[in-house]
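1. I would like to see how this sequence folds:
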Amino acid sequence: MTTLGTPVSAPAATPAPVSSYVSGYFRRVRGGEMGALPAILGLVVLCTVFSIVRPVFLTPGNFANLLPQGAAVTVIAMGLIFVLLLGEIDLSAGFTSGVCASILALALSEQGLPWYAAILIAMLVGTLIGTTLGALVAKVGIPSFVVTLAAFLAFQGVVLLLIKGGTIVAIRDPVVLAIGNKNVPPLLGWALFALGVAAYAAIQLLRVATRRRRGVSHDPIGLVLLRVAALTIVGGAAVYILNVERSRNVLITSLKGVPIVVPIVVVLLIVLTFVLKRTGYGLHIYAVGGNREAALRAGINTDRIRISAFMICSTMAAIGGIITASRNNSVDANTGGSNVLLYAVGAAVIGGTSLFGGKGRILDAVLGGAVVAVIDNGMGLMGYSSGVKFIVTGTVLLLAAGVDALSRRRAATAGLR
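-> Predicted coordinates for the structure are as follows:
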């Protein structure tokens, strides 16, 4: 647009008030877009109940144990989200973590490799497994349920062969053991927290400035500051609690600081969220999961996207296996088995990722993993058996899947109107 030959720039978009964002959020909830709301409400209710029934649940020592306890399941769930977004499933993720953990342990104990080489080999094996599974699904056309069920059965045998049946392979490398058992020094924990909050605030403000410069609608500064304040309060409280002395005998040993595995999970959360939300690849994941035929017609290489999703899933399973091996100080025939897969899938779905594809975030794995860990930890403190834990976790998973199905139906009905 010009006036007397002078170019006139487009008017800058003005941000809507915070109240409109709040009303818009509730409108989307009523329309069926529940997001992470059920998981957050579930966490609040569970933590409240367990804190009343067993006050020890709120102690710094239990809180510090809770985070590493759910870390491996959370990391595996992060990888599963990439597959679930496509409407696929990976039933072998649990035993994939077991295979990679076994290879890590053997590389350290029998081959005498340094920790970084053993970890790299374990992760490469996970990537290779994912590539194979993805190729069978995308190129050969075998349903992912069948492919990964076959792998689930086969990898149990692989773990048994690698560790020679009932043998327990101990891990003695101090660096690997530190991943799941050691803590960050308190001052370093505060420094990492401050750096994280500053980086988050800078990214949010830079995004607002960039969109404002381009004349595109953007979040109001008040909303951005509210997000930063919420992160500061929640994160600061967590770091403060974790930096409290947890040792019963300080003269013998000191036990305080953020568990090392927590920054690892946070970094994975940030990186994978960026991949899904801020890259063309991530947009292609959502496009293929939403409508594969439409994505194919739009020129997206759907086979490549599907294979890469399985690669990421199995690589994250390998990282989960490394965390498990570190946490347990060893690897045995049950590593990656038992309830690992069920808890990982449950974490993703409970957090808000849809089993129908096209809807989910990496944050869902963290929220769902927290719900699963809280149930397991809280009911353990109350003295309930594993059977009761499984029943409660299964019920929560069924409720989450039901909420997802009902919300999709309501959203579709609202769309038709």
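
2. C-alpha only now, for contacts and for neighbours.
-> Noted.

3. wait, F193 sits on G236?
-> Yes: look at F193 against G236 with Cα atoms under 8 Å: they come within range, at 7.4 Å.

4. for the lengthiest helix in the chain, packing partners?
-> The longest helix of the chain (DSSP state H) is helix 386-416. Here helix 386-416 touches helix 340-351, helix 362-381, going by 3 or more Cα pairs under 8 Å, 6 or more residues apart in numbering; DSSP states H and E.

5. Out of these, which gets nearest to V169?
-> Nearest of the helices and strands packed on helix 386-416 to V169, taken as Cα to Cα: helix 340-351 at 19.4 Å.

6. helices and strands around the closest one, which ones?
-> So helix 340-351, by 3+ Cα pairs under 8 Å, 6+ apart, packs with helix 37-53, helix 60-84, helix 93-109, helix 362-381, helix 386-416.

7. Which of those helices has the highest mean neighbour count?
-> helix 93-109 (a mean of 29; mean count of other Cα atoms under 10 Å).

8. if you average pLDDT over that helix, what comes out?
-> For helix 93-109, the mean pLDDT works out to 93.

9. for it, packing partners?
-> helix 60-84, helix 115-135, helix 144-162, strand 169-170, helix 302-328, strand 330-331, helix 340-351.

10. got any ranges where the protein has weak pLDDT?
-> The model of the chain has pLDDT under 70 over residues 1-22, 24-26, 28-35, 165, 250-251, 404, 408, 410-417.

11. Now do the contacts for the residue nearest to A77 when sequence neighbours are not counted.
-> Using Cα to Cα, 6 or more residues apart in numbering and skipping residues adjacent in sequence, the residue nearest A77 is A344, 4.7 Å away. Contact analysis of A344 by Cα atoms under 8 Å, 6 or more residues apart in numbering lists V73, T74, I76, A77, L80, G369.

12. Test my guess that G257 contacts A238.
-> No: taking Cα under 8 Å as the definition, G257 is not a contact partner of A238, at 10.4 Å.

13. Most widely separated two among the contacts of A344?
-> Farthest apart among these by Cα to Cα are L80 and G369. That separation is 12.3 Å.

14. re the thing from before, between the helices and strands packed on helix 340-351, which one is closest to M311.
-> Closest approach to M311 among the helices and strands packed on helix 340-351 is made by helix 60-84 (8.8 Å; Cα to Cα).

15. Can you work out which other helices and strands pack against that closest one?
-> helix 93-109, helix 221-242, helix 261-278, helix 302-328, helix 340-351, helix 362-381.

16. Figure out how far the fifth one is from the centre of its chain.
-> Same thing as helix 340-351. Between the centre of helix 340-351 and the centre of its host chain there is 10 Å, according to Cα atoms, centre = their mean, to the nearest Å.

17. what do you get for the longest one?
-> Computed by Cα atoms, centre = their mean, the chain-centroid distance of helix 302-328 equals 12 Å.

18. In JSON lines: the helices and strands packed on helix 60-84, plus distance to T148.
-> Converted to JSON lines, the helices and strands packed on helix 60-84 look like this (distance: least, Cα to Cα, whole Å):
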{"stretch": "helix 93-109", "distance to T148": "8"}
{"stretch": "helix 221-242", "distance to T148": "37"}
{"stretch": "helix 261-278", "distance to T148": "23"}
{"stretch": "helix 302-328", "distance to T148": "10"}
{"stretch": "helix 340-351", "distance to T148": "12"}
{"stretch": "helix 362-381", "distance to T148": "20"}
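
19. of all these, which lies closest to R212?
-> With Cα to Cα as the yardstick, what comes closest out of the helices and strands packed on helix 60-84 is helix 221-242 (11.3 Å).

20. now the angle from the closest one to helix 60-84?
-> Note on geometry: by axes from the mean of the first three to the mean of the last three Cα atoms, to 10 degrees, helix 221-242 and helix 60-84 are set 130 degrees apart in direction.

21. Alpha carbons only: can I get helix 221-242 in PDB?
-> What follows is helix 221-242 as a C-alpha-only set of coordinates in PDB (Å, rounded to 0.1, in the frame of the first residue of the first chain):
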ATOM      1  CA  ILE A 221       4.100  -9.000  27.700                       C
ATOM      2  CA  GLY A 222       2.000  -9.600  30.800                       C
ATOM      3  CA  LEU A 223       1.400 -13.200  29.800                       C
ATOM      4  CA  VAL A 224       5.100 -13.800  29.100                       C
ATOM      5  CA  LEU A 225       6.000 -12.400  32.500                       C
ATOM      6  CA  LEU A 226       3.400 -14.600  34.100                       C
ATOM      7  CA  ARG A 227       5.000 -17.700  32.500                       C
ATOM      8  CA  VAL A 228       8.400 -16.700  33.600                       C
ATOM      9  CA  ALA A 229       7.200 -16.000  37.200                       C
ATOM     10  CA  ALA A 230       5.500 -19.400  37.300                       C
ATOM     11  CA  LEU A 231       8.600 -21.200  36.200                       C
ATOM     12  CA  THR A 232      10.700 -19.200  38.700                       C
ATOM     13  CA  ILE A 233       8.400 -20.000  41.600                       C
ATOM     14  CA  VAL A 234       8.000 -23.700  40.800                       C
ATOM     15  CA  GLY A 235      11.600 -24.300  39.800                       C
ATOM     16  CA  GLY A 236      13.000 -22.300  42.600                       C
ATOM     17  CA  ALA A 237      10.900 -24.200  45.200                       C
ATOM     18  CA  ALA A 238      12.100 -27.500  43.700                       C
ATOM     19  CA  VAL A 239      15.700 -26.500  43.800                       C
ATOM     20  CA  TYR A 240      15.400 -25.200  47.300                       C
ATOM     21  CA  ILE A 241      13.800 -28.400  48.600                       C
ATOM     22  CA  LEU A 242      16.400 -30.600  46.800                       C
END
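
22. All good on my end, thank you.
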